[in-house]
Every structure is written in structure tokens, then in C-alpha cells.
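[1] The sequence and its predicted three-dimensional model are supplied below.
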Amino acid sequence: MIGKRFIISCALSIIATLVFGQVKTEYVKIDWPNEYNWKVGSDQENSSTHLIELVPAKENIDKWKIMGSMLSYKGVKNVPINSVPDMMYKEAQKRATNPKLTIFEKDDQTKSPWVIFKIETAAFTENPQPESQLFYIIQGETALYINMVAVKEKELSNDFVNKWIKVFKASELVYK
């Protein structure tokens, strides 16, 4: 009798582990270029978002020349990827002086749709300093991921854009 209960108990434990223990964690793995000697300037997470901001080791989150960020919107699925650049551009128009939007590449036919675009701004309403951003946005299975590199310049050079497009396209969705 004890042997039979023990076997049933073990079998139920194994089944529970297999069913409940295999919750996959999804994230975007980006190989940020080492030349900047990145450090985490900010890491904020709550139940719906996770934001990590990276700055070069000699800079800080309040005073930077280049900054990278990774933002995940947890549970956000099936976002029409083609609509994201326009939504972000409309937000930039609310706080920036004559921002410019340029879409470089996109693939909305893949399992994980993505888009790469830039928004260049000569100044903001609350800050006269320019800032331009190159975005890589990808729809994962469990979240929408907004990845960005920004510089305090009113325009992004072609070399900068080409370099970062390669960095972002080499990234991957990872599950563990």
C-alpha cells in the first residue's frame, strides 16, 4: 500500500513540475557594442513593464551623450507593428520641435514582427537640447519589446544608423 501511494505521489510531483515548472522567461538579447563600456544607469520593473537604461561607464543617467534602453511591455501581444512608429512619432510631436520619422526596415510577416526606425529631434519643448533615437521594436510571444539607442544630436549619421541596425538585427528573442 505504501509503495503504491509513494509512486502516485512521485508521479503527481513530476507531472506538476513538468506542467507548472516550465514557465518560460522571454527577453531580447542584444550584444551592445563593447566600445562604450556600458553600465546599467537605471533598472525599473513592475508588473506590466521592465525598463533598463544603459550609459557608458564614464557617463550617468542624468548626463549622457549616448544611451541605450530596453523596455518590455509584459503581456502586450499582437500589436500591429506597422502602427508603432506612427504612434511614437505622434508622441514625439507633443514634446518636440519638428521631429522627423524615418522607417528603415520591417518584417510584419514573421512569427515575431519587428521594425527599425529613427526619430530625430532638434529640440524639445522642455529642453532645447537635441536628441535623436534609433528604435528596434519586436513583438515577442509574451511582450512587446522597445529597444533604442539615443544620442544628443539633432540627426543620426548614416554610419551610426548602419552600425546600430546591424546590432539590433543580430539580437534574438531568448527563452529560458
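    On my side now, so go ahead. Numbering: from 1, shown residues only.
[2] Return the residues in contact with residue 142.
    The contact partners of residue 142, by C-beta atoms under 8 Å, 6 or more residues apart in numbering, come to 24, 26, 74-75, 77. Any C-beta I mention is one placed from the backbone N, CA and C, and that applies to glycine too.
[3] of the residues you listed, closest to residue 145?
    Within the set of the contacts of residue 142, residue 26 lies nearest residue 145; the separation is 8.8 Å, counting by C-beta to C-beta.
[4] How many residues are close by that closest one?
    16 (other C-beta atoms under 10 Å).
[5] Over to residue 155?
    Residue 155 has 15 neighbours, counted by other C-beta under 10 Å.
[6] Hmm, it is touching residue 134, no?
    No. Here residue 155 does not reach residue 134: they are 11.4 Å apart, not a contact under C-beta atoms under 8 Å.
[7] hmm, back to that, put the buried members of the contacts of residue 142 into a PyMOL selection.
    In PyMOL syntax, the buried subset of the contacts of residue 142 is picked out as below (16 or more other C-beta atoms under 10 Å):
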select buried, resi 26
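[8] Can you tell me which of the contacts of residue 142 end up in strands?
    26, 74 (DSSP state E).
[9] Let me have the contacts of residue 142 in TSV, adding distance to residue 141 and pLDDT as columns.
    Putting these into TSV (distance: C-beta to C-beta, whole Å; pLDDT from 0 to 100) gives the following:
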residue	distance to residue 141	pLDDT
24	8	69
26	6	87
74	12	92
75	11	90
77	7	89
